[in-house]
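Peer 1: Fold the following for me, if possible:
(one chain, ligands or ions: 2)
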Amino acid sequence: MTVYQVSHVSVWIIGFGRRTGWVVLMNDELVPHSMAAYRLSVLPGDGTGREVMAEALRILAVFEENSPISFEITEIPCGGQYYLETGEEWPEGSFEHCRDNSDAILLGAIGWPGARLPNGDMAGGQTILGLRSGLELFANVRPVKLYKGVPHKVHGIHKQVWEPDLVDMVMIRENTEGLYHSLLRRMEQRAKGQKDEPIVIDEFPGLEGEVAWDPRPISRKGSERIVKFAFDLAHHRQKKLGTPQSVTCVDKSNVSRGCQLFRKVFREIASEHEGVETKEAYIDAFTMWLVRDPEDLDVVVLPNMFGDIATDLASVLQGGMGMAASANLGPNHMLFEPVHGSSPKYAGKNVVNPIAMLQSVQMMFEAIAYRKNDSNLDCCADILQNAIQEHFDEGGCVTYDLGGDASTSDVGEAIAERCEIMLREQFATA
Ligand code: IPM
Ligand code: MN
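Peer 2: Ligands and ions are numbered 1, 2, ... in the order given. Below is the predicted model of the structure:
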């Protein structure tokens, strides 16, 4: 069977994620897709990243076994711990493998205490930041939607604070510039084996003695593509969800020049998008609105570092970092990862919540299904999503962050079992 993709060179194709109406953006050629296995590059990384990735692989095996879908998985060791063991952040050729031989990349978490490169940069950064920059994954899509039955932990007590029906937004974090620019660039250069070209600024008038600095360049091109992405997403959520959508621009344009350009571009693009309400907020006040009135937010677009910070805060509305998933999307590549880090404190204990990772797999299914026009994989995306919701509906076991005492693998196994039952029903052959 051959399926043709519907996209053309230079055309942006927008699809929906089922549950959250997040967006899949592509700029692909019209290519025939046979029912061959999807090529996944799997990067477990550090600490608990490895433990949650084990649950992702368990789920992938269940889908392979019980559906027509198959995966060709290349597991690549990487990260700060790998660096401490081997002196390398990942094996040579890994960047090229991710670039040239992957339909999607799945990442656990990167970062380990004491793992630093000789120049002081985080070891393992080549994996996450080298890929974000080197593969132009400019849109970091972080849906913030609350599953029914997930409690919120406030003051050490688990209870429902925010209503599931009122928490449904998508944060779009710019992923290639801003305050991350110089580190992203260094990491891209390392990943591509290129020489570091340091940015030289000799002095800051008015400051004396030792000074460390990070430039925060924000470009028109970078702002345009992320703001357009946000408006396209708002239009499509409007159609899909049937409710009016707003786009909120979050910046600090009262203070920073980069943000002034970001907001100027936002207003220009907003003027081309009638029918979508626009809002503007400074990041400081926004953090307050985010927790107090999340029902007022739909699509939110933020420069890189503000997006990094605000999405950790936003995860609280979904039940915490153990529930927050993300997609890093560019014109030709996509990488999926939980929003959380490697949590060294919990590493090796089999206690962290694997659902953010499983939800990232779910987003990956949706994205590949859309990109490859694969209705079976689309159906698998639904099944994984429904299995997670059903797990909560039926009071399934949960990890400590949600008030339970189940292990990472208990939760992973329970959801995998639900998927298996649903898959058997769906794909049963007579
Ligand atoms: C994230 C992480 C990364 C970031 C780190 C690990 C470099 O915090 O994906 O949010 O700062 O972007
Ligand atoms: Mn972060």
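
Peer 1: got the buried residues for stretch 156-167?
Peer 2: For stretch 156-167, a neighbour-count test (16 or more other Cβ atoms under 10 Å) marks H158, W162, V167 as buried. C-beta: built from backbone N, CA, C; applies to glycine.

Peer 1: With stretch 54-65 instead?
Peer 2: Burial within stretch 54-65, assessed by neighbour count using 16+ other Cβ under 10 Å, is assigned to A54, E55, A56, L57, R58, I59, L60, V62, F63, E64.

Peer 1: Quick check, pLDDT for the residue nearest the centre of the chain.
Peer 2: With distances taken as Cα atoms, centre = their mean, the residue of the chain nearest its centroid is S326 (2.0 Å). For S326, the pLDDT comes out at 98.

Peer 1: How many residues are close by the residue of the stretch 301-430 of the chain found nearest ligand 1?
Peer 2: Nearest to ligand 1, among the residues of the stretch 301-430 of the chain, is D308, at 4.7 Å (Cβ to the nearest ligand atom). Other residues near D308 number 18, with proximity taken as other Cβ atoms under 10 Å.

Peer 1: So it lies in a strand, does it not?
Peer 2: No. Counting by DSSP: H, G, I helix; E, B strand; the rest coil, D308 is not part of a strand but helix.

Peer 1: Run through the bridge partners of the residue nearest to the centre of the chain.
Peer 2: Taking DSSP bridges as the rule, S326 bridges to E337.

Peer 1: I figured it hits M357, correct?
Peer 2: No. Applying Cβ atoms under 8 Å, one finds S326 not in contact with M357, separated by 10.7 Å.

Peer 1: Kindly point out which residues are neighbours of both of these two.
Peer 2: Jointly contacting S326 and M357 under the rule Cβ atoms under 8 Å, 6 or more residues apart in numbering are P338.

Peer 1: Low-confidence bits of this protein, can you list those?
Peer 2: The chain contains residues with pLDDT under 70 at 1-35, 430.

Peer 1: Please repeat the previous calculation with a cut-off of 90.
Peer 2: The chain contains residues with pLDDT under 90 at 1-36, 196-203, 236, 240, 428-430.

Peer 1: Show me the helices in it, by range?
Peer 2: 48-66, 80-86, 94-100, 125-134, 181-191, 220-241, 257-271, 283-292, 304-315, 355-372, 375-393, 408-427 (DSSP state H).

Peer 1: Can you point out the buried residues in the longest one?
Peer 2: Applying a neighbour-count criterion of 16+ other Cβ under 10 Å, the buried positions in helix 220-241 are 222-223, 225-238.

Peer 1: Could the C-alpha coordinates of that helix be exported in PDB?
Peer 2: Extracted as PDB, the C-alpha positions of helix 220-241 are listed here (Å, rounded to 0.1, in the frame of the first residue of the first chain):
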ATOM      1  CA  ARG A 220      12.700  39.400  12.800                       C
ATOM      2  CA  LYS A 221      12.900  36.100  11.000                       C
ATOM      3  CA  GLY A 222      12.800  34.100  14.200                       C
ATOM      4  CA  SER A 223       9.900  36.100  15.600                       C
ATOM      5  CA  GLU A 224       7.900  36.000  12.400                       C
ATOM      6  CA  ARG A 225       8.100  32.200  12.100                       C
ATOM      7  CA  ILE A 226       7.100  31.500  15.700                       C
ATOM      8  CA  VAL A 227       4.300  34.200  15.700                       C
ATOM      9  CA  LYS A 228       2.900  32.900  12.400                       C
ATOM     10  CA  PHE A 229       3.000  29.400  13.900                       C
ATOM     11  CA  ALA A 230       1.000  30.600  16.900                       C
ATOM     12  CA  PHE A 231      -1.700  32.300  14.700                       C
ATOM     13  CA  ASP A 232      -2.000  29.300  12.400                       C
ATOM     14  CA  LEU A 233      -2.500  27.100  15.500                       C
ATOM     15  CA  ALA A 234      -5.200  29.500  16.900                       C
ATOM     16  CA  HIS A 235      -7.200  29.300  13.600                       C
ATOM     17  CA  HIS A 236      -7.100  25.600  13.600                       C
ATOM     18  CA  ARG A 237      -8.000  25.200  17.200                       C
ATOM     19  CA  GLN A 238     -10.900  27.600  16.500                       C
ATOM     20  CA  LYS A 239     -12.200  25.300  13.800                       C
ATOM     21  CA  LYS A 240     -11.500  22.100  15.700                       C
ATOM     22  CA  LEU A 241     -12.700  23.000  19.100                       C
END
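
Peer 1: Thanks again, I'm all set now.
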